[in-house]
Structure formats: C-alpha cells, structure tokens
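**Q** Fold the following and give me the result.
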Amino acid sequence: MTIKKEYLKEDPKEKKYPVSHLTTDFGAPVPNNQNSMTAGTRVPLLMQDVWLIEKLANLNRENIPERRMHAKGSGTFGTFTVTNDITKYSKAKIFEKMSKKTEMFARLTTVAGERGAADAERDVRGFVLKFSNIFANNAEGFNHLISWLRNKS
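**A** Coordinates of the predicted model:
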C-alpha cells in the first residue's frame with residue numbers, strides 16, 4: 001500500500017475530520033462509525049469490519065426481551081404408551097404398535113400470561129407435545145373454552 005507524500009507532509013495538529021471519542025472494546029479508536037466495509041457497491045458486508053461486528057454483538061447482548069406469547073408455563077418429560085390401536089386414524093410410526101413406548105415432553109402454557117401473572121386468569125391455554133423419535137413429531141393445540149368477553153349480568 002502506498003501512502004501519498006502530501007499526507008505525510010500534513011501537519012498532524014490540523015484536523016480535517018472530527019475526532020471520534022469512540023473506541024472498541026480493546027481501546028482502539030474507531031475511525032468511522034457511520035459506514036460499513038463492503039467489497040463494492042450493492043454487495044454484502046465484509047466480516048473483516050471489526051467495528052460493525054462488535055456493534056452488532058453488543059446490540060444483540062444488550063437486552064434479552066421478555067417472551068411475549070406462551071411465556072408462563074410448565075412442562076415435564078415422560079413416556080407415551082400406545083394403549084389402543086389407532087392406526088386407522090394416523091400413520092405415524094409412534095402409533096404403529098400396541099404397547100409401544102416413546103419418550104416425550106409436554107408443556108402447558110397460558111398464552112398471554114406475563115411473569116408474575118396469576119394462573120387463574122381468564123386466558124387461552126396452550127399445550128405442546130414433543131415426541132422423541134427419528135421423525136421429531138410435534139403436536140400442538142389450544143384450548144378456547146373461555147369467553148373473551150366478560151358477561152356483566
């Protein structure tokens with residue numbers, strides 16, 4: 001890389017660009033906070049842009065947002081055992097034989113309940129069943145047995 005002689009002759013006290021007080025996590029000054037390094041126009045960003053990667057990493061780690069839907073719930077691990085012949089209803093491998101046992105996980109949740117909300121609130125309930133097999137079958141469902149409008153009479 002060649003350095004122009006005019007640049008070397010310039011007085012270092014003369015400031016052409018505003019001084020940035022930003023530094024990286026290692027204390028190195030940040031020369032440009034507004035632009036990212038690319039390989040040209042309309043091409044992806046370069047991974048060698050250390051400042052951009054550091055800014056994105058700090059942004060992603062800054063705040064872990066609270067989970068909005070199905071935040072409050074409880075779950076358990078267990079075993080699902082086929083007790084009746086249901087091959088006429090489903091062709092899934094986990095239901096193919098009587099007395100076949102499959103490891104599973106069940107989670108029961110309230111849909112809009114936040115952290116600290118009461119369990120007895122009028123809210124839609126949800127559940128998920130995750131079966132541990134080579135096909136990774138999931139069964140999800142909602143319970144809509146509550147009324148969305150409260151009857152004042």
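**Q** all contacts plus neighbour counts: C-alpha atoms, from now on.
**A** OK.
**Q** Would you map the helices across this structure?
**A** All helices of the chain, identified by DSSP state H, fall at 5-9, 50-62.
**Q** lowest-pLDDT helix or strand in this protein?
**A** Scoring the helices and strands of the chain by mean pLDDT, DSSP states H and E places helix 5-9 at the bottom, with a mean of 51.
**Q** Between the helices of the chain, which one is closest to Thr102.
**A** Of all the helices of the chain, helix 50-62 sits nearest to Thr102, with 37.7 Å by C-alpha to C-alpha.
**Q** what pLDDT, on average, does that closest one get?
**A** Averaged over helix 50-62, pLDDT sits at 83.
**Q** I'd like the distance between Lys100 and Asn133.
**A** From Lys100 over to Asn133 the distance is 12 Å, taken as C-alpha to C-alpha, to the nearest Å.
**Q** Give the intersection of the neighbour lists for the two.
**A** Common contacts of Lys100 and Asn133 (C-alpha atoms under 8 Å, 6 or more residues apart in numbering): Ile94.
**Q** domain ranges for the chain?
**A** The domain map for the chain lists 1-37+44-64, 73-143, with the assignment taken from automatic domain parsing.
**Q** Of these, which stretch is the most buried?
**A** Neighbour counts (mean count of other C-alpha atoms under 10 Å) averaged over each of those peak at domain 73-143, with a mean of 14.
**Q** Need the pLDDT of Thr83.
**A** Looking at Thr83, its pLDDT is 93.
**Q** for Arg68, same thing?
**A** 69.
**Q** Same check on Asp119?
**A** We have a pLDDT of 71 for Asp119.
**Q** can you pull the contacts of it?
**A** Thr110.
**Q** 10 Å - rerun?
**A** Residues counted as contacts of Asp119 (C-alpha atoms under 10 Å, 6 or more residues apart in numbering) are 72-73, 109-110, 113.
**Q** Can you tell me which of the residues you listed is closest to Ile64?
**A** Lys72 (16.2 Å).
**Q** so that closest one touches Phe127, yeah?
**A** No - at 11.6 Å, Lys72 and Phe127 do not qualify as touching, with contact defined as C-alpha atoms under 10 Å.
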